[in-house]
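1. Sequence and predicted structure, then a few things I'm wondering about:
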Amino acid sequence: MSSKHLGLSAIALSISLAITGCDSNDQETSQESSTKAKVETVNQTAASQSTKPKVEEHSNSQEKNAVEPPMVFNIYNKEDTAGKVTVEQNGNVVKSNLELGWNNRRVNIDETIVLGEDGYVISQEVSGTSAFGAPIKESFSMSDGKAEWKSLNEQGNASAEQSKFYIPSDSTGVSSNYLVKALLEDDDNRIDLLPSGTASLIELDSVTLTKGEEQKTVRLIGVVGLGFTPDFSWYDEDNNFFASDSGGWFGVIADGWGRDNLEKLQKVQKEADNQYLEDLSKKLTHVSEKPILVTNANYVDVEAGKLIEGKSILVVDGKIDKIVDADAIKASDDYTVVDAQGKTLIPGLWDMHGHLSKSDGLLNIPAGVTNVRDMGNTHDNIIAVERLAEDAEIIGGDVYRAGFMDRESPYAMKMGQTVDSLEDAKSGVDWYAERGYIQIKTYSSMEPEWVKPLAEHVHSKGLRLSGHIPAFMTAEEAVDAGFDEIQHINMIFLNFLGKNIDTRKRLRFSIVGEKAHELDLDSKEVNDFVAKLAEKGIEVDPTVSTFNSLFRKGGVIDPEIEPVYEHLPINVSRGYVRPVMDITPELRDDYDKSIQAMSAMVKKLHENGVPIVPGTDAIAGFTLHRELEIYADAGISNADVLKLATIGSAEVVGNAENVGSISEGKQADLVFVDGNPLEDIGELRQIALVIKEQRIYKPNKIYEAIGVKPFTASIDY
């Protein structure tokens, strides 16, 4: 989820949540991306208090701003074309349409904006369908110094004595072009936003592209203040949007300029992203050249499930050298001394279902997440994330890579290896094995007949096999054929509710939402299947919090994000009041009951010895805390929850001898909690310090740098 998901490009964010294990059909109930699906970055529309929404055929101010109609921008995924944006301008009226499809998601958005005499947007209408089927309908207007906005999920108004830009919940992305124009013309390159916030500008490199005899010079511009990190896009010499990269998921470029030119721009944009994140890392990472001495330490022994009190912990060269009584080592200038008085130390947490971007560490590390298993990514991106984090060029933890694989089909998730035959699939396994991947994750289009021979080949290479259960196959059949692990709690329910259905489609959500609560968890068929999972040691990666978000009601704050909602930048938090799926009122009670059933299933699996691995598949850091809270609320003890999220996860990836607990000789992944998570698991949100080997991080400083209100004060040392 992801999610999905920090570069707040709408397309990237659409994907981050979309990867949850979804596939789509035009008819079934569906999930919306947790953010907008637009072309450039988080969208803004311009508004001016002095300009009334009248439509003029032509004006000098509009001629210089106009995008010559018709203008088309092509959207590319890793392998082919994924969609397009079409823009037409007639005087001061700009109409646009976004069509985007991947896997089972289909986005279709129409937008009309009216520009005032100063080039600001004074009226906007947006309608359409989001990635998972939820309807979109939103409007904005500015007149006589008053701004008003309304969508299906919120409404508001504000006086605007000076020009401001409104940030819509959904858009095609075209209106953001006018925000950039206004920022470039503003004296200090800063503009106030509605509902709140301020946008500013970063101007970076210029690149000259060639198309036959034609040349075009474009420059990279970043808009700051819309999300956690800047949104970068390319603009031409007339300050019109030209292209953008969304971190490896999608790329967008003006029609006719093609993938080759897009790839040139992507390379430069990635370097800019890297430099921004590297500058943050230098500012926010303290590398101790001396051994680190933690005094007055109370830490959780996650294997025994108890609190060990009154200790000193000595870290030398990134490893825990000694754990001794509090007075056994005297604090001195020979050490970097950290006083843990009043805090509880736990091992670094694990997110076992990430889809990492380079900026995810800015949310993971201050949340105490020091290890992430990536469950699907482009190879170039995840290798870059791993290397940059390892070298401290970006803030991030250790990465464990699963190779993503799907069979070619209209529903294929074209991200890793997309194969046409069993032999191609085996070759894909070889490719991943040669490059250090520890696991293969298959997706919903895989042929059921391939699973057994593919599993044998995966195991022969020393890798594990997991994934979505292929369409027209049950989870039990997949386990019998060689699956080592199952992704997503819905796949467990579909073993009983969805036999012989096409789970590439949205049915894999809607059936679970409507019917999960009807399943008798104490029935013989459920008990027999759970016993088989336990006997075979099959791990389950539930991502319950993400499914709760899919099934939630619109118009209210998502309960999964509510504990952190007020801490988030408003242009991020607003995405969590929108529905994801189009759930009718008649089915609302069924979905609410099914949310409870999913938690009950996780408890049943755990109580019967089925290994649970906590993961997110959604916005990093915060979602893991909520996932663990769900387990505790379901009745799993806090001690067991911490074990699952630390040493239990380390065991699954085969590295428990080096990480996963606070033990002598192990890597120093130390998280200082302002509270005691053995008593209240929710106190995991209150992280006061993180030590990752010799690197020391203050969570409040990281949060402040990305626009998040800190949860507690950090420890001074």
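-> Nice, I can see it. Residues are numbered from 1 along each chain as shown.

2. all contacts plus neighbour counts: C-alpha atoms, from now on.
-> Noted.

3. Leaving aside the residues adjacent along the chain, what's closest to Gln266?
-> In this structure, Gln266 finds its nearest non-sequential neighbour in Asp245, 5.7 Å apart by Cα to Cα, 6 or more residues apart in numbering.

4. For that neighbour, give its distance to Ala272.
-> Separation of Asp245 from Ala272 (Cα to Cα, to the nearest Å): 11 Å.

5. what residue ranges in the stretch 51-200 of the chain score low on pLDDT?
-> Low-confidence segments of the stretch 51-200 of the chain (pLDDT under 70): 51-69.

6. So Val337 is in contact with Val315, correct?
-> No - at 10.4 Å, Val337 does not count as touching Val315 under the criterion of Cα atoms under 8 Å.

7. In the stretch 51-200 of the chain, mark out all the helices, start to finish.
-> Ranges of helices in the stretch 51-200 of the chain, per DSSP state H, counting those that start in this stretch, are 60-65, 176-185.

8. Which secondary structure elements does the longest one sit against?
-> Read it as helix 176-185. Here helix 176-185 touches strand 45-47, strand 190-194, strand 198-211, going by 3 or more Cα pairs under 8 Å, 6 or more residues apart in numbering; DSSP states H and E.

9. would a markdown table of those with mean neighbour count and distance to Glu88 be doable?
-> Shown next, in a markdown table, are those (neighbours: other Cα atoms under 10 Å; distance: least, Cα to Cα, whole Å):
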| stretch | mean neighbour count | distance to Glu88 |
| --- | --- | --- |
| strand 45-47 | 33 | 17 |
| strand 190-194 | 21 | 26 |
| strand 198-211 | 15 | 23 |
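
10. Turn those into CSV, including distance to Glu518.
-> Below are the helices and strands packed on helix 176-185 laid out as CSV (distance: least, Cα to Cα, whole Å):
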stretch, distance to Glu518
strand 45-47, 46
strand 190-194, 44
strand 198-211, 48
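
11. I'd like to know which of the ones you listed lies nearest to Gly368.
-> Nearest to Gly368 among the helices and strands packed on helix 176-185 is strand 198-211 (29.2 Å), distances taken as Cα to Cα.

12. what does the closest one contact?
-> The set of residues external to strand 198-211 that reach it, using Cα atoms under 8 Å, 6 or more residues apart in numbering, is 180, 183-184, 189-193, 215-226, 257, 261, 265, 268, 272.

13. Buried ones among the residues you listed?
-> Among these, those classed as buried by neighbour count (16 or more other Cα atoms under 10 Å) are 180, 183-184, 189-193, 218-226, 257, 261, 265, 268, 272.

14. got the buried residues for the longest helix along the chain?
-> Identified as the longest helix of the chain according to DSSP state H is helix 258-284. Residues 259, 261-262, 265-266, 268-270, 272-274, 277-278, 280-281, 284 are the ones in helix 258-284 that count as buried (16+ other Cα under 10 Å).

15. what mean pLDDT would you report for it?
-> Averaged over helix 258-284, pLDDT sits at 94.

16. Beyond that helix, next helix or strand please.
-> Heading C-terminal from helix 258-284, the first helix or strand you meet, by DSSP states H and E, is strand 285-287.

17. Look up how far Leu220 lies from Val451.
-> Counting by Cα to Cα - Val451 and Leu220 are separated by 45 Å.

18. again, but for Leu465
-> According to Cα to Cα, Leu465 and Leu220 sit 41 Å apart.

19. Distance check, the residue nearest to Gly428 when sequence neighbours are not counted against Ile469.
-> Computed as Cα to Cα, 6+ apart, the closest residue to Gly428 that is not its neighbour in sequence is Gln417, at 6.3 Å. Gln417 is 17 Å from Ile469, where distance means Cα to Cα.

20. So for those two, which sits in the more crowded spot?
-> Between Gln417 and Ile469, Ile469 has the larger neighbour count (other Cα atoms under 10 Å), namely 32 against 23.

21. residues touching Thr336, list them.
-> Under the criterion of Cα under 8 Å, 6+ apart, the neighbours of Thr336 are 288, 290-293, 717.

22. same thing but at 10 Å, please
-> For Thr336, the contacting residues are 288-294, 314-315, 694, 717, by Cα atoms under 10 Å, 6 or more residues apart in numbering.

23. Run through the bridge partners of it.
-> Ile292 (DSSP bridges).

24. Repeat that for Ile113.
-> As for beta bridges, Ile113 partners with Val94, Gln124 under DSSP bridges.

25. close enough to count as contact, it and Phe140?
-> Yes - at 9.2 Å, Ile113 counts as touching Phe140 under the criterion of Cα atoms under 10 Å.
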